[in-house]
Structure formats: C-alpha cells, structure tokens
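Colleague: Sharing a sequence plus its predicted fold:
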Amino acid sequence: MQITVLAGGIGGARFLTGLRQHLRAAYPDGNGGSTAEVTVIGNTGDDIRLYGLQVCPDLDTVMYTLGGGISAERGGGREDETFAVKQELAAYGAEPTWFGLGDRDTATHLVRSQMLAAGYPLSAVTEALCARWQPGVRLLPMTDDRVETHVIIDGDSPGTRKAIHFQEWWIRHRAAIPAHGFVLVGVDDAKAGPGVAEAIRDADVVILPPSNPVVSVGMILAVPGVRDAVREARGPVVGLSPIVGGAPVRGMADACLTAIGLEVSAAAVARHYGARSAGGLLDGWLVHTPAAAEANESAAADDAHYVAELTAAGIRTRAVPLLMTDLAATTAMAAAALDLAATLRPAATPGG
Ligand code: FO1
C-alpha cells in the first residue's frame with residue numbers, strides 16, 4: 001500500500017502522525033511498524049535564507065514531528081529549545097531579529113547549509129537529516145530548486161504594492177497585513193524534485209491533508225509537473241478540509257484564502273481544488289462534523305450540510321470529525337480518508 005501526501009507544516013505533520021498510527025494498525029508488519037509506505041511531498045515555499053543558513057520550516061516540522069523532536073506545546077520548533085544564538089545575533093544587531101531561531105534547530109540548518117554548499121541537492125540533504133530522525137515516511141522536497149513564497153502587500157506610498165517574504169508576513173506581522181496575493185518566486189525555473197511525480201502518479205492513494213491550501217498545498221501544486229501528476233494519479237485523490245465552520249483548524253488559512261478571493265469554508269476549499277472528473281484534483285473530500293460526544297453542543301461547528309452539494313459537483317464528500325485534538329482524532333481522520341478512498345478506487349480488476 002503506497003500512500004503519497006502533499007504536506008505543509010504543522011497541520012500536515014499532525015495529520016501524518018495519525019496516518020502513521022492508523023497504518024500500523026491496518027497494515028501491521030509484525031514488529032510494530034507497517035507494510036504500507038508513506039511518501040510525503042514537502043512544501044519548500046516557506047524556506048528562507050537567514051544569517052547564511054538555509055531554513056526549511058515545513059520539511060523540518062514534518063521531520064521533527066514524526067521523528068519525535070517537535071515542541072508539543074509550541075507545535076513547531078524543537079523540544080527543550082534555547083535561544084542563545086538568537087540573543088547573540090540580536091546583540092550584534094544582525095537582522096532579522098523577528099525570526100525565532102532556536103539553538104538546537106540551528107544545528108539542522110548548519111548541516112543543511114553545509115551540504116547544500118558542497119553541492120548536494122535539497123532532496124539528498126533531507127534524506128541525510130531524516131537518517132537521524134527516522135520519521136517513518138519518505139520525505140521529498142517538492143523541488144530541489146530554490147523557491148520562496150512572497151506575499152504581495154500595500155507598498156509604502158498610496159497605490160503601490162510590494163512583496164515581503166512569507167515568513168516576515170507570517171511571523172513578524174502575524175499575517176495581520178492584508179495580502180493581495182502570493183507568488184512562488186523561482187517557480188518558473190523550478191522542476192519537481194526527484195521521485196515526486198512518480199510518487200504521486202504511482203500511489204494507491206494521494207492525500208491532500210489539512211494543510212494551508214494556498215501557501216502550503218497550493219505551492220506544492222504550483223511546481224511544474226505536480227498538478228498534472230495528481231490529475232494523472234492512478235489512485236484516488238482524497239482531501240481533508242483545513243477549514244471547520246468558517247475558520248481554520250489552526251494557522252491562518254483564512255487570511256490566505258481571503259487574499260486570493262475565496263470564502264473561508266470547507267466547500268470553497270474543495271471547489272478551489274476542483275473535482276478531478278471536471279478537470280480539478282479531488283475524487284473525495286472530508287468535511288467536519290462534531291464527534292458524537294460534542295454533537296449536543298449548540299456552538300459546535302458542523303459542515304455536514306456541504307456533503308450533498310459537493311458530491312453533486314463530482315467530489316464524493318463525507319462528514320467526519322476533523323479537529324486534530326489528539327492522536328486518536330488524527331488516527332480516525334486518516335482511517336476515514338482511506339475508507340473514502342477505498343470507495344473511490346476504480347473497481348478492482350479480478351486478481352488485480
Ligand atoms: N513561527 C512563528 O510563528 N514564530 C517563529 O519565531 C518561528 C520560528 C521558526 C523557526 C524555524 C522553523 O522551521 C519554523 C519557525 N516558525 C516560526 C514556523 C514557521 O513560520 C512556519 O513556516 C509556519 O509555521 C508555516 O508553516
């Protein structure tokens with residue numbers, strides 16, 4: 001069983017812990033692992049070059065989360081982190097001071113930057129870093145070429161616009177400055193990383209997890225060849241909504257959706273990805289409905305009302321709990337995604 005997941009940062013990584021747990025139960029290998037293989041296509045649009053270091057936030061979030069090194073309370077960055085290097089850089093007045101560079105995290109960037117400078121492609125670097133962390137998935141950068149997501153905001157004088165790096169918008173400005181759009185700088189000269197197109201095309205199931213559909217999954221799909229690979233995938237493509245009710249499960253997907261003129265809803269994201277039968281990407285889609293225990297809470301968000309309209313639009317939709325509150329919740333989400341995929345898989349050929 002080969003599963004390929006196009007993942008961004010924290011939301012995607014959280015989902016992947018549930019997928020890994022589900023596969024250990026559903027496809028056990030007899031010694032606590034799974035016979036199923038997961039390939040993660042990681043977003044590199046968040047990457048930023050700082051103090052001479054190449055930082056890959058979404059790749060590191062997946063690697064640390066699945067490798068057991070993620071900071072549980074902060075949801076990002078390393079466990080037991082300290083910030084002595086950050087403080088010393090600030091003492092020198094080294095810009096930027098708004099980026100939270102951790103000491104343990106810096107070792108990752110030093111090894112990565114050293115290998116890149118020696119001529120290794122990002123895919124080889126990521127494989128080397130994962131040799132230590134053993135995430136239990138194959139983590140492939142979406143491209144080995146340098147790309148960066150920049151955000152279009154109002155310029156310094158009326159009527160003008162300018163671009164700032166996504167990390168500056170996200171961290172320094174908490175995405176509070178209205179964005180007019182996002183550009184993946186370098187995408188025109190980029191090509192899909194080694195193994196990326198094949199991992200998507202040949203997968204038994206392709207999953208779009210509850211990552212940011214604009215700056216995470218959206219940027220992976222912007223890499224030449226990736227969108228076509230998803231459309232040509234031999235297995236079903238199933239997505240999970242990152243929006244519950246009218247708000248993102250976490251992060252700031254709402255600011256990103258608004259920036260590109262989309263309504264902040266589970267239906268708007270599904271339509272944005274589109275039905276594969278109508279030229280889009282999705283065969284199946286999961287929207288949120290409260291778990292039985294919460295169903296009686298009047299305030300509980302419930303998106304089950306989208307099921308009929310999206311199914312009619314060619315995206316087979318089901319409503320399941322999508323709040324990633326704990327491992328049991330994300331494991332159930334992964335099971336629901338694969339169950340839905342099983343109903344979408346082309347009728348199995350006899351003995352096929
Ligand atoms: N996110 C923050 O909100 N504040 C930070 O200071 C911060 C530092 C940081 C350092 C390394 C790294 O890999 C990620 C970091 N992040 C930080 C998260 C980063 O902004 C991610 O790109 C977002 O979480 C979106 O995926």
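Modeller: Alright, I've got the coordinates.
Colleague: need the residues of the stretch 51-200 of the chain near the ligand, please.
Modeller: 55, 57, 58, 60, 76, 77, 99, 100, 105, 167, 170, 171 (CB under 6 Å from any ligand atom). To be clear about C-beta, it is placed using only N, CA and C from the backbone, and glycine gets the same treatment.
Colleague: would a markdown table of the residues you listed with pLDDT be doable?
Modeller: Formatted as a markdown table, those follow (pLDDT from 0 to 100):
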| residue | pLDDT |
| --- | --- |
| 55 | 98 |
| 57 | 96 |
| 58 | 97 |
| 60 | 97 |
| 76 | 72 |
| 77 | 79 |
| 99 | 96 |
| 100 | 94 |
| 105 | 96 |
| 167 | 97 |
| 170 | 94 |
| 171 | 95 |
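Colleague: filter the residues you listed to the buried ones?
Modeller: Among those, those buried by neighbour count (16 or more other CB atoms under 10 Å) are 55, 57, 58, 60, 76, 77, 99, 105, 167, 170, 171.
Colleague: Now the stretch 151-300 of the chain against the ligand: closest residue?
Modeller: The nearest approach of the stretch 151-300 of the chain to the ligand comes at residue 171, 4.2 Å away (CB to the nearest ligand atom).
Colleague: okay, the nearest residue to that residue once chain neighbours are set aside: pLDDT?
Modeller: Distances taken as CB to CB, 6 or more residues apart in numbering put residue 98 closest to residue 171, at 5.7 Å, once the chain neighbours are dropped. pLDDT for residue 98: 96.
Colleague: To which secondary structure element type does residue 98 belong?
Modeller: Of the three states, residue 98 takes coil under DSSP: H, G, I helix; E, B strand; the rest coil.
Colleague: By mean pLDDT, flag the weakest helix or strand of this structure.
Modeller: strand 247-248 (a mean of 86; mean pLDDT, DSSP states H and E).
Colleague: strands paired with it, and their directions?
Modeller: strand 243-244 (antiparallel) (DSSP bridges).
Colleague: pLDDT averaged over the partner strand, what's the number?
Modeller: 96.
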